[in-house]
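K.L.:
Pasted the sequence and its predicted model underneath.
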2 protein chains.
Amino acid sequence: MMQVPLLVGSMLEHAETFFSKKEVISQTHDKLHRLTYKEIGSRTRRLMSILAQLGIQKGDRVGTLAWNHHRHLEIYFAAPGMGAVLHTINIRLSPEHIIYIINHAEDKVLFIDEDILPLIDKIKDQLPTVEAFIVMTDKNELPASSLAPLYSYEELLSTGDETYPFTTQIDENDPAGMCYTSATTGKPKGVLYTHRGIVLHSLALGLADSAGISEKDVMMAVVPQFHVNAWGTPFACTWFGSNQVMPGPRFTPKRLAAFIEAYSVTITAGVPTIWLGLARELEQGDYDTSSLRAILCGGAAAPLGLIKTFEKRFGIPFYHAYGATETTPLVTFSRLKSYQQNLDEEGILKERSRQGILVPGLKMKVVGNNGEVAWNDEEMGELLLQGPWIADGYYNDERSEQAFIDGWFHTGDVVTVDEEGTIKIVDRTKDLVKSGGEWISSVDIENALMAHEAIFEASVVAIPHPEWQERPIACIVLNDGYEDKVSKETFITYLEPQFPKFWLPDDILFLQEIPKTSVGKFLKRQLREQVKAHYQLNE
Amino acid sequence: MMQVPLLVGSMLEHAETFFSKKEVISQTHDKLHRLTYKEIGSRTRRLMSILAQLGIQKGDRVGTLAWNHHRHLEIYFAAPGMGAVLHTINIRLSPEHIIYIINHAEDKVLFIDEDILPLIDKIKDQLPTVEAFIVMTDKNELPASSLAPLYSYEELLSTGDETYPFTTQIDENDPAGMCYTSATTGKPKGVLYTHRGIVLHSLALGLADSAGISEKDVMMAVVPQFHVNAWGTPFACTWFGSNQVMPGPRFTPKRLAAFIEAYSVTITAGVPTIWLGLARELEQGDYDTSSLRAILCGGAAAPLGLIKTFEKRFGIPFYHAYGATETTPLVTFSRLKSYQQNLDEEGILKERSRQGILVPGLKMKVVGNNGEVAWNDEEMGELLLQGPWIADGYYNDERSEQAFIDGWFHTGDVVTVDEEGTIKIVDRTKDLVKSGGEWISSVDIENALMAHEAIFEASVVAIPHPEWQERPIACIVLNDGYEDKVSKETFITYLEPQFPKFWLPDDILFLQEIPKTSVGKFLKRQLREQVKAHYQLNE
């Protein structure tokens, strides 16, 4: 067989050629853009020529601080397309972490959204590797800024070469992209994505039994393009010719709902908190969502109540997927097997609440206290992964050896596996409550609580206990109007029939809000501190 | 990303693990077998251990002479799974070609179906490299044969080790399989398939916009397992957990129709002649084919009338795909794009009669007399291909340099391309009729003729002409009952409005049968000789 490398640039080349009329619909600060893949292709080629002019060479890191829009998509292909590395920076991180990341990656240029410019203005003196700043704006004039040299994206593009070729002078194992984990402890850790990894991952996203991304799809990725390549959807959707809808900066649930209706979105992807917000909006407003064939939910387990709302009330199939920054990210996808189609409503919802089976191309092991666990949906163990789109280490980071051991990535996620091979995330290794020698899944209790009509969000953390080592405490946020109708006892009574007695939280705290990470996951480290402070347990 | 090779063995490992209950339904000479992937996995592991015992080493060729059944499937995975090379031999070739192929590949063992044993008995003395013969039979006793050493497949398996591991001590670019072209001229040419090529090709088959092979599918591959790996379907279907139905030796259209109904087949694959036969059977019998979501047709262009019969009369979607032995084989797949869904019936059938667009992962060029052709569906050119599942040469064959030039495989197929990038095969380079400096597509005339109700099959060949260089002659086989109702003039009159005057055949010959290759394609070389003899034009 021919030695033809798997390269990211060739994916856009395919779209330019075979899906030239298909569209990217992109909301920026000022207006709505509609561009065909032919136009995206020309603009990306112009951008590659500009990057070359700016002195970007093979392997150089090209940083982005941007929302979901077409210019961000163009950089997705332009950077790896000319041999450089796309480095998407999580704009929700603290300035300290952003400085750390840019310096650690040694970004040579930064592409910055207009509204993020002030943030970079403040930290510019701490970014010695950055040689040029490019602001992405629809306006004719550059915004006021002390950054220098500062260029306008569109002005640069206007002088670019639209025939600039995608390089083939690279190896498929060369890096194409990178992303830092949104660390809950310590400094963020960098993950490099190779061309090979991204291309194979895109194929996995196109499989009929995973996301099945198709030319017929209209994808609205709500997951940020600055977070694990928006789960790889911009790559796969471009390659397979789907229309893409990009909700742009500071979108609201209202905008998401309106876009679904306006652009006949068929598939959308995001974290549970996004879907909680969308569900509320759909309940209040009058939207036609009949085009939607799938909501993909990842990043955290969705509560059963939320799944029920979408599947039963709105008639929208709701699929769990599971992955991590280190896994490009798709690892498992939850679909009923053919012989599970006849399950009753309860059974189907139960399956839907699981994270699914491994996508083809990867290998997994689940290791508990006593080696690999039995697939009985009871024994808990840490999920270990191996495969061509799984990282083999963190970028220039000695913490690699803690997570990458003997060729396996230790995810830090605790799962059970049923006899079908379907996994269910029960916790993070560090969030498990270890009580009297037994393991208690904080996530299981959270999900049970969130299925209660009075509860909007719930998070369970461990606090130290003199006798039992640790004990669980539940923190909840109530839905509006329930303040006077429920008490701690309401929820303990509600949980009692569902769990062994020793699983029941020792206390239930009512909060206004649960602290979250920049990508919407519960920030348990911070919550644990809050709870310990509440009980004056701080060491 | 981890350096994890793409290996064929891991595909069955995935099926054993995640689709252990799914089934292979296999018809052999004596009975119908039903085996789960768990059983197929154990048996394949046993077989690997047996191959090792027989002295098969990394890179050795393991020959098969067999129909479509589960044992053949097991060898599909056992040979590459332990590092050897699966060599499927086309049992319909002449004994001379079979001898040539076995010797050229230097097969070390041969797995032989019971009914093919007599053929090998006759040629055994000309097979110096073969060290062992294994007969695949359900019977307890070995059939009478002079082959030695001769083993029983099941007896060997019973002593095998069902924990034998799939090797990981190979490179993804190592050969996993091989197949010889069914040559219409000269000796057959060998093509090696690498592990990487087969795995990537399988992913392409699983994409929603190509075959979309899924766990929910029940695949009946009618295309022989001895021909380009049954188009790769056994690999992809196993990996993705589809049930597989294998129609076994010497199947009839009746058996195919009965199997579709009995096993709720959802997708089936084969050449046009198979579908001509099945259409006749479905018209005569009373079969429930409602489970079928797709007929995949390749190997040759299906006549429009046939497509119409399946799509309109039987309500079964009929998809063209295109490929060759050298391309693993999937190259293009014909699906309507989203914005073509509203075409009228005529428009849809026209699209269905094309071979479709390139699957993701490959590149193509179409080169005519004056370089790359315009995509206007008029200019004809030869299709050139590049990609990781396209061969880079023939195995130990100096004819490689005629077809593999500057990194491109020259398919020998002449196509037009429309503005959507959809190709239409108009001819083989060697079958084009070159008349007065213009090209006439023999295939276009054939398809027009085969759309006529009186015609069962039609083939058009060129004969030498003193003035025009070449002129087309049409050879047709009538449907039953039309002998006295039609004449040459009927068909010339029928063709006149459809083509330029110079395209019209100079003559129409009525035949009882059109000679075909071992895989059901028209054997034009032989037909051309027949026609020339008819006109006493033989040089």
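P.N.:
Here it is on my side, so go on.

K.L.:
For chain A, give the helix that spans the most residues.
P.N.:
helix A:37-53 (DSSP state H).

K.L.:
Put the alpha carbons of it into CSV.
P.N.:
The C-alpha trace of helix A:37-53 is given here as CSV (Å, rounded to 0.1, in the frame of the first residue of the first chain):
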residue,chain,number,x,y,z
TYR,A,37,-16.1,25.3,2.3
LYS,A,38,-14.7,26.7,-0.9
GLU,A,39,-14.4,30.1,0.8
ILE,A,40,-13.1,28.6,4.0
GLY,A,41,-10.5,26.7,1.9
SER,A,42,-9.3,29.9,0.1
ARG,A,43,-9.2,31.9,3.3
THR,A,44,-7.3,29.1,5.1
ARG,A,45,-4.7,28.9,2.2
ARG,A,46,-4.3,32.7,2.5
LEU,A,47,-3.8,32.3,6.2
MET,A,48,-1.2,29.7,5.7
SER,A,49,0.8,32.0,3.5
ILE,A,50,0.5,34.8,6.1
LEU,A,51,1.7,32.5,8.8
ALA,A,52,4.7,31.6,6.6
GLN,A,53,5.3,35.4,6.1
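
K.L.:
So which residues make contact with it?
P.N.:
A:12-13, A:15-16, A:19-24, A:35, A:62, A:70, A:73-75, A:77-79, A:81-82, A:84, A:109, A:156-157, A:159-166, A:238, A:241 (Cβ atoms under 8 Å, 6 or more residues apart in numbering or on different chains). Quick note: C-beta positions are derived from backbone N, CA and C, even for glycine.

K.L.:
Of these, which qualify as buried by neighbour count?
P.N.:
Buried residues within the contacts of helix A:37-53, counting neighbours by 16 or more other Cβ atoms under 10 Å in any protein chain shown: A:12-13, A:15-16, A:19-20, A:22-24, A:35, A:62, A:70, A:73-75, A:77-79, A:81-82, A:84, A:109, A:156-157, A:160, A:164, A:166, A:238, A:241.

K.L.:
Endpoint to endpoint, stretch A:305-313 covers what distance?
P.N.:
End-to-end distance of stretch A:305-313: 11 Å, with Cα to Cα, to the nearest Å as the criterion.

K.L.:
er, stretch A:508-516 I mean
P.N.:
With Cα to Cα as the measure, what separates the two termini of stretch A:508-516 is 19 Å.

K.L.:
do stretch A:214-229 as well
P.N.:
18 Å.

K.L.:
give the contact list for residue A:254.
P.N.:
Counting by Cβ under 8 Å, 6+ apart, the residues that residue A:254 touches are A:281, A:285.

K.L.:
and it, what element?
P.N.:
Assessed by DSSP states H and E, residue A:254 sits inside helix A:253-262.

K.L.:
Tell me how far that helix lies from the chain's centre.
P.N.:
Its chain's C-alpha centre and that of helix A:253-262 lie 20 Å apart, by Cα atoms, centre = their mean, to the nearest Å.

K.L.:
Quick check: buried residues in that helix?
P.N.:
A:253, A:256-261.

K.L.:
do the same with stretch A:54-72
P.N.:
Result for stretch A:54-72 [16+ other Cβ under 10 Å]: buried residues A:54, A:56, A:60-72.

K.L.:
among those, which are in strands?
P.N.:
A:61-65 (DSSP state E).

K.L.:
ok, these vs residue B:7, which is closest?
P.N.:
Set against residue B:7, the nearest of these by Cβ to Cβ is residue A:61 (32.6 Å).

K.L.:
Enumerate every residue touching the closest one.
P.N.:
Counting by Cβ under 8 Å, 6+ apart, residue A:61 has contacts A:84-85, A:87, A:105-108, A:178.

K.L.:
which residues are contacting stretch A:139-146?
P.N.:
So stretch A:139-146 is in contact with A:30, A:114, A:117, A:121, A:124, A:133, A:135, A:137, A:150, A:152, going by Cβ under 8 Å, 6+ apart.

K.L.:
The stretch 1-150 of chain A: helices as residue ranges?
P.N.:
A:9-18, A:37-53, A:70-81, A:95-105, A:117-123 (DSSP state H, counting those that start in this stretch).

K.L.:
and the stretch 1-150 of chain A, which residues reach chain B?
P.N.:
For the stretch 1-150 of chain A, the residues in contact with chain B (Cβ under 8 Å from any Cβ of the partner chain) are A:1-4, A:6, A:10-11, A:14, A:17-19, A:21.

K.L.:
at 10 Å instead, please
P.N.:
Selection of the stretch 1-150 of chain A residues close to chain B by Cβ under 10 Å from any Cβ of the partner chain yields A:1-6, A:10-11, A:13-15, A:17-22.

K.L.:
Low-confidence regions, the stretch 401-539 of chain A specifically.
P.N.:
A:519, A:538-539 (pLDDT under 70).

K.L.:
try chain A
P.N.:
Looking at chain A by pLDDT under 70, you get A:183-185, A:519, A:538-539.

K.L.:
The residue in chain A sticking out farthest from the centre and residue A:434: what is the separation?
P.N.:
Using Cα atoms, centre = their mean, the residue of chain A lying farthest from its centre is residue A:467. It sits 38.8 Å away. Separation of residue A:467 from residue A:434 (Cβ to Cβ, to the nearest Å): 13 Å.

K.L.:
With residue A:512 instead?
P.N.:
Relative to residue A:434, and taking Cβ to Cβ, residue A:512 is found at 29 Å.

K.L.:
ok, which residues in the stretch 301-450 of chain A are in contact with chain B?
P.N.:
Near chain B, when you scan the stretch 301-450 of chain A using Cβ under 10 Å from any Cβ, you find A:326-328, A:335-339, A:341, A:357-364, A:375, A:385-393, A:404, A:407-409, A:419-422.

K.L.:
Report the secondary structure element holding the closest residue to chain B within the stretch 51-200 of chain A.
P.N.:
Chain B sits closest to residue A:197 of the stretch 51-200 of chain A, with a gap of 3.9 Å, by Cβ to the nearest Cβ. Assigned by DSSP H and E, residue A:197 belongs to helix A:195-206.

K.L.:
so what strands line up beside the helix or strand just after that helix?
P.N.:
Where DSSP H and E defines the elements, the next helix or strand beyond helix A:195-206 is strand A:218-221. Next to strand A:218-221 in the sheet, as set by DSSP bridges, lie strand A:243-246 (parallel), strand A:267-270 (parallel).

K.L.:
Adding mean neighbour count, write the ones you listed out as TSV.
P.N.:
Shown next, in TSV, are the strands paired with strand A:218-221 (neighbours: other Cβ atoms under 10 Å in any protein chain shown):
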stretch	mean neighbour count
strand A:243-246	26
strand A:267-270	26
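
K.L.:
can I get those strands in JSON lines with distance to residue B:488?
P.N.:
Output for the strands paired with strand A:218-221, formatted as JSON lines (distance: least, Cβ to Cβ, whole Å):
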{"stretch": "strand A:243-246", "distance to residue B:488": "52"}
{"stretch": "strand A:267-270", "distance to residue B:488": "56"}
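
K.L.:
looking at these, which is closest to residue B:306?
P.N.:
So among these, strand A:243-246 is nearest, using Cβ to Cβ, at 33.7 Å.

K.L.:
Go ahead and produce PDB holding the CA coordinates of that closest one.
P.N.:
C-alpha atoms of strand A:243-246 as PDB (Å, rounded to 0.1, in the frame of the first residue of the first chain):
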ATOM      1  CA  ASN A 243     -22.800  22.300   7.600                       C
ATOM      2  CA  GLN A 244     -21.400  23.800  10.800                       C
ATOM      3  CA  VAL A 245     -23.100  26.400  13.000                       C
ATOM      4  CA  MET A 246     -20.900  28.300  15.400                       C
END
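
K.L.:
thinking in terms of the whole chain, how far from its middle is the strand or helix carrying residue A:425?
P.N.:
Secondary structure assignment for residue A:425, by DSSP H and E: strand A:423-428. In terms of Cα atoms, centre = their mean, the centre of strand A:423-428 is found 17 Å from the chain centre.

K.L.:
In terms of secondary structure, what does it contact?
P.N.:
Contacts defined by 3 or more Cβ pairs under 10 Å, 6 or more residues apart in numbering or on different chains; DSSP states H and E place strand A:423-428 against strand A:318-323, strand A:330-333, strand A:381-386, strand A:408-417, strand A:438-440, helix A:442-450.
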